[in-house]
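A.B. asks: Generate a structure from the sequence data that follows.
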Amino acid sequence: MLPAKRGYGDTMHTNDQTLATATFAGGCFWCTESDFEPYEGIVEVIPGYTGGHEENPTYEEVCSGRTGHMEAVQILFDEKRISYEQLLDVFWRHLDPTDPGGQFVDRGAQYRSAIFCHDEAQRETALRSKQALQDSGRFQRPVVTEVLPIKHFYPAEDYHRGYHKKNPLRYQLYRKHSGRDRFIHRIWSQQMSDDSQRFSKPSDDLLRQQLSTLQYQVTQQEATEPPFNNAYWDHKEEGIYVDVVSGEPLFSSTHKFDSGTGWPSFYRPLVPENIVERSDHRLLMVRTEVRSRQADSHLGHLFDDGPHPTGLRYCVNSAALTFIPKEHLEEKGHGGFTRLFTSGRPDTVTGDRREDHLPEQD
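C.D. replies: Reported below is the predicted structural model:
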């Protein structure tokens, strides 16, 4: 966990790298944490409080609005894998930057949006990014998100950390009714429409012709393939995995690890926006099903027993995937992902073999 107070220009050193710090306020920090966490290069996301005048505030004190603090997240990231500009792009796409009085159902100054800069370079980059968003014409109202210097950041109480994973049903219910996702879809729908056209789902008749029996049963009928007897469970080649139905990019070999379950396992998605999570009540326990956004293919399930840095395990059926080797990415229209496979980067994360307690996929 980050120390309670961090200031201008802070960095953190680990055994093998130097990580930079960014801080954003985007309304409810449960949502902001979950929005940032899946991205490649983000090592840690800490919910907390900043921008106010009281030391070591509690959640109740911040919610009262009397401390001047905002709910925020502090992000530890590897600049060689994700840039500050890319973090800003993620930030803008997950909030309403034109709202000066809060975010969605959460009202009050403690929920307003802000970018807290750790040095002059971040401040200049944030101001340019804010102006570019204003000039884009995407919003009819002015972009009012503040760009401020960071002073002190206070991590929130432990029960707020990873709230979306600890309390998935309650979080999903809150998120659904907050209006956040409806707003995001409306504002960024053109880009989503472009993706929908590029990665469209064929008719059912065509799918039955194009897919094998197992591929059809898995993606269209929520079947599960046998463990240790599928194409990618121990596949180690460098490249990306796309939806077998639509071709939309889903996972990367750089995020793949050996879970010991006999199914392909990933600790984060390649493109988080292409993954849809749903509650699955088909067994006695409630699980989180994962599906592709454009094709609505059943992929597998999400568990919270994965490795560092996310602690997640996307347990996916090989039959739902098509693999594209790194040397073929350009010709297949995915050239933007070739940067993932530069020399010196790890291909996978090796997890412990924990067959004795990992839940079965189906």
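A.B. asks: Find the residue ranges of the stretch 151-300 of the chain scoring beneath the pLDDT cut-off.
C.D. replies: Applying pLDDT under 70 to the stretch 151-300 of the chain picks out residues 189-197.
A.B. asks: Ramachandran angles for residue 87?
C.D. replies: The phi and psi values for residue 87, taken as degrees, to the nearest 10, are phi -60, psi -40.
A.B. asks: What about the nearest residue to residue 68 once chain neighbours are set aside, how many residues nearby?
C.D. replies: For residue 68, the nearest residue in space outside its immediate sequence neighbours is residue 52; the separation is 3.4 Å by CB to CB, 6 or more residues apart in numbering. C-beta: built from backbone N, CA, C; applies to glycine. A total of 20 residues lie near residue 52 under the criterion other CB atoms under 10 Å.
A.B. asks: before we move on, what about residue 105?
C.D. replies: Burial of residue 105, expressed as a neighbour count using other CB under 10 Å, amounts to 13.
A.B. asks: now do residue 177
C.D. replies: Applying other CB under 10 Å, we find 12 other residues in the vicinity of residue 177.
A.B. asks: Could you do the one 5 residues further on as well?
C.D. replies: One way to gauge burial is a neighbour count; for residue 182, by other CB under 10 Å, it gives 12.
A.B. asks: Verify the assumption that residue 206 is located in a helix.
C.D. replies: Yes. Secondary structure assignment places residue 206 in a helix (DSSP: H, G, I helix; E, B strand; the rest coil).
A.B. asks: Which residues are in contact with the spatially most central residue of the chain?
C.D. replies: Central residue of the chain (CA atoms, centre = their mean): residue 38, 2.8 Å from the mean position. Applying CB atoms under 8 Å, 6 or more residues apart in numbering to residue 38 gives the contacts 268, 269, 272, 310.
A.B. asks: of all those, which comes closest to residue 214?
C.D. replies: residue 269 (22.7 Å; CB to CB).
A.B. asks: Quick one: the helices in the stretch 151-300 of the chain, in order.
C.D. replies: 163-166, 168-178, 180-187, 189-198, 204-210, 213-221 (DSSP state H, counting those that start in this stretch).
A.B. asks: which residues touch the second one?
C.D. replies: Yep, that's helix 168-178 we're talking about. Outside of helix 168-178, the residues within contact range by CB under 8 Å, 6+ apart are 28, 30-31, 34, 104-106, 163-164, 181, 277, 279, 286, 288.
A.B. asks: wait, which of those residues is closest to residue 63?
C.D. replies: Checking these against residue 63 with CB to CB, the nearest one is residue 106 at 9.4 Å.
A.B. asks: Give me the three-state assignment for residue 125.
C.D. replies: Going by three-state DSSP, the secondary structure assigned to residue 125 is helix.
A.B. asks: Make TSV from the helices of the stretch 151-300 of the chain and add distance to residue 325 to it.
C.D. replies: Shown next, in TSV, are these (distance: least, CB to CB, whole Å):
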stretch	distance to residue 325
helix 163-166	32
helix 168-178	34
helix 180-187	33
helix 189-198	21
helix 204-210	21
helix 213-221	20
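A.B. asks: Tell me which of the ones you listed sits nearest to residue 90.
C.D. replies: helix 180-187 (11.6 Å).
A.B. asks: angle of that closest one against helix 168-178?
C.D. replies: When axes from the mean of the first three to the mean of the last three CA atoms, to 10 degrees is applied, the directions of helix 180-187 and helix 168-178 differ by 50 degrees.
A.B. asks: Now do residue 70 against residue 50, distance only.
C.D. replies: With distances defined as CB to CB, to the nearest Å, the gap from residue 70 to residue 50 amounts to 6 Å.
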